[in-house]
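> For reference, the sequence and a predicted model appear below.
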Amino acid sequence: MSLATRLLLIVILAVLPALLLGAYTEYSARQAREAEVRRDAVRLANQVADEVRQIIVGVQRLAMTLSRVPEVAGAARPGVEWSEPCARLIGELARDYPGGIGVGVANANAELVCAASRVPGGTRITGDHFSRAMESGRFTVGGYGEGPDGTAFLSFAYPLRDDDAPARGALVVGLRLDWLSARLQERFGRNDSSISIADRNLVYLLRLPQDPVSIVGQAALPEHRALVSMVGLGAVEADGVDGIRRVGAIRAVQIDPQSLEGFDLLVGYGISKAAAFGPIDAATRNGLLLLGLSLLLAFAAAWIGGRYLVRPPVARLLAAAARWREGDYSARVSGVGARGEFAELASAFNLMAESVADRTQKLRSSEERFRTLAALVPTFVWFADRSGTLLYANQRWYEFSGVVPAEGAPAHWLEAVHPEDVEHTESAWKAAVADRTSFEAEFRVRRHDGAYHWVLGRAEPLRDHDGEVTGWFGSTTDIDRLKRADEHRSLLVDELNHRVKNTLATVQSLAAQSLRSAADPVEGQKAFSGRLIALSRAHDVLTRGYWKSGNLREVVQEAATPFDDADARQISIDGPEVEVEPRLALALSMALHELLTNAAKYGALTTASGRVELNWSVTGDDGGRRLRLTWRESGGPPVKPPTREGFGSRLIQGGLSRELGGEVSVAYEPEGVVCTFDLPLGTSVDMREPQAAQTYMDAK
């Protein structure tokens, strides 16, 4: 490395802290801005949803008020084909209050009998909102619709009936979507944001700003339908229908509490990520420009210092070295000063000249050893002419390929490449030769035993003083072990994915069963928490055994620890050392947790004198071993058989009896509960399959 290069490295090291500080500042600013944008998206989505909800509530109140007007209420009575009094009233309302709302009345057959203007031939009301209002007797929100003149609107229906009698018709209201768009644009529109509203069928009602190709009235794309699961959650990041990346939030507007979809409308608010981060990007560009100028000035100063302060004494040292190289060992270095590092170097050089003759022989011996070492390097070293034809390969190539140099000329190296890799390897080599650039490719090569090994081939062009390529020098390294290691890593990732899915399925089933069987939500939450902790402790034991097996004593101790008083020692554990497969370990852990929970609530662990004994033994040989585990309570309050079977009993019976082929017996003796497990050992269960855990928990 030259002194000039070293000076440049010193400059780089000097400015490195500033670079790191700037990078950290940039990162912090982006993190803060991203959090701010997400908060804005959630806040504005809530505001837009509230605005839409208030508008719909206003429509609902208008419909409720009009339904009490005799002219409107009587228009839907049987036998009325068209109600002029009602039509005049609706017409006056439309003239006095122009805007985005249209009102009409339809009879029980969905025929329009009253509106501001009569359509020749009559009009029928379409959309399930009318039938839902007639059946439910409640105000309903419909979906996207278009009038005879092409005006898009959002439809509503309010049933018309007397007291508890069936509805004889409905007041239908249409909210013009262009009016709604203008209202939302005025209150919430921003250049860097978008507002989208979809009906219960996920058909777009409006989108701001409007696209050149409108999507209003069209169904949402499948990838956007998937975002329904994010309703009510925090901000998400996704591509909009216009391809712009946005940070947004989705909120539901529900007027009808009986809506099966859980919403009547969906409101989405998105903020352009590019616009949100524009100021930060501009500041980053300016900072990089200033940093580049600073580096340029620093490098220039280092270059000037090296040229006028470092190079002159270095040149004197090099001149003396050149004379020594020619055999003139009488040359000495002078004119570099009496003190300092260069003076020390000159003294060292002069001392070296006195002993260089003796060291020449040692150097030759060292060079010979180096050439021998180069021949032993475990890499194929080769040379090619300017056209790319291989002329030489070292001994390592012939040892690998199993051919002698006379039979396996390097020029035919492609014959040893795997047939599937020949095309891309040859193309890469020819392209490098044609472009006079570096060559690098991974491919498989046949070894002398016929096995193929992955190798990494690299080559650089050799150039003369004029820059013309005179040949190629390359090396090929065996990377087969690295490839195998990468494949192994992929297998480990797949294994982890299987186990995560399995665990999530188990937790999901635990939550469902705990909350379903609980008397109240608090009790259900506590039960779920306890079962989840028990499952976690069992997982800890299995993890220590790499999920091949778990130590039964550790499984039992982990389950009992939360319930045992360290001073009282109310729980005793005794039994031989046994390794159980993962599925049995999980089932036993969950079953013991249920027994311990019941003992702590109603049984032996409710009193200071109460005791629980856990004993087990193993019978049979390797071909049919069985585990017999006994739970025995004593010293507690008198035991009474339960009047109903709870989730814990179902879990024990289902998990250990039905699923694992064991036998479980429970005796409610007055002194305490006695539970006996007779279970097979050695059942082979693949716990990596996520459906295994799901089937196990669902059976309970």
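Everything's here; your move.
> Tell me where the longest strand sits in this structure.
Identified as the longest strand of the chain according to DSSP state E is strand 452-463.
> Outside of stretch 602-616 itself, list whatever touches it.
552, 556, 560, 563, 568, 570-576, 578, 592, 596, 599-600, 627-637, 639, 672-673 (CB atoms under 8 Å, 6 or more residues apart in numbering). Glycine gets a C-beta too; all of them are placed from N, C-alpha and C.
> got the residue ranges for the strands in the stretch 201-350 of the chain?
204-208, 236-239, 245-253, 265-272 (DSSP state E, counting those that start in this stretch).
> Make a markdown table from the ones you listed and add distance to residue 118 and mean pLDDT to it.
Shown next, in a markdown table, are the strands of the stretch 201-350 of the chain (distance: least, CB to CB, whole Å; pLDDT from 0 to 100):
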| stretch | distance to residue 118 | mean pLDDT |
| --- | --- | --- |
| strand 204-208 | 27 | 86 |
| strand 236-239 | 46 | 75 |
| strand 245-253 | 33 | 83 |
| strand 265-272 | 31 | 86 |
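> hey, which of those is tucked in deepest?
Ranked by mean neighbour count, the strands of the stretch 201-350 of the chain are led by strand 265-272 with a mean of 24 (mean count of other CB atoms under 10 Å).
> coming back round to it: can I get the buried part of the contacts of stretch 602-616 as one PyMOL selection?
Entered in PyMOL, the line below selects the buried ones among the contacts of stretch 602-616, by 16 or more other CB atoms under 10 Å:
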select buried, resi 552+556+560+563+570+571+573+575+578+592+596+599+600+627+628+629+630+631+632+633+634+635+636+639+672+673
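> and the longest strand of the chain, how far out from the chain's middle?
Centroid separation for strand 452-463 versus its chain: 37 Å, with CA atoms, centre = their mean, to the nearest Å.
> Low-confidence regions, the stretch 151-300 of the chain specifically.
Along the stretch 151-300 of the chain, segments meeting pLDDT under 70 span 211-213, 221-234, 242, 258-262, 276.
> now do the stretch 451-600 of the chain
491-532, 534-536, 538, 545-546, 565-568.
> okay, now the domains of this structure?
38-276, 297-374, 377-478, 491-698 (automatic domain parsing).
> hmm, back to that, in strands, which of the contacts of stretch 602-616 fall?
571-574, 627-634, 672-673.
> can you list those residues in TSV and add distance to residue 139?
Shown next, in TSV, are the ones in strands among the contacts of stretch 602-616 (distance: CB to CB, whole Å):
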residue	distance to residue 139
571	60
572	66
573	64
574	69
627	63
628	65
629	61
630	64
631	58
632	63
633	59
634	64
672	60
673	56
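> ok, of the residues you listed, which one's closest to residue 5?
residue 573 (69.4 Å; CB to CB).
> so how far is the biggest helix by length in the chain from its chain's centroid?
Scanning the chain for the helix with the most residues, using DSSP state H, yields helix 3-67. In terms of CA atoms, centre = their mean, the centre of helix 3-67 is set 20 Å apart from its chain centre.
> residues making contact with the longest strand of the chain?
Contacts of strand 452-463 (CB under 8 Å, 6+ apart): 380, 384, 418, 425, 432, 436-447, 469-480, 482-483.
> Now for the residue lying closest to residue 138 once chain neighbours are set aside, how many residues are close by?
Nearest non-adjacent residue to residue 138, counting by CB to CB, 6 or more residues apart in numbering: residue 256, 6.3 Å away. Residue 256 has 18 neighbouring residues, counting by other CB atoms under 10 Å.
> how about residue 256, what does it touch?
By CB under 8 Å, 6+ apart, the neighbours of residue 256 are 132, 136, 138-141, 264.
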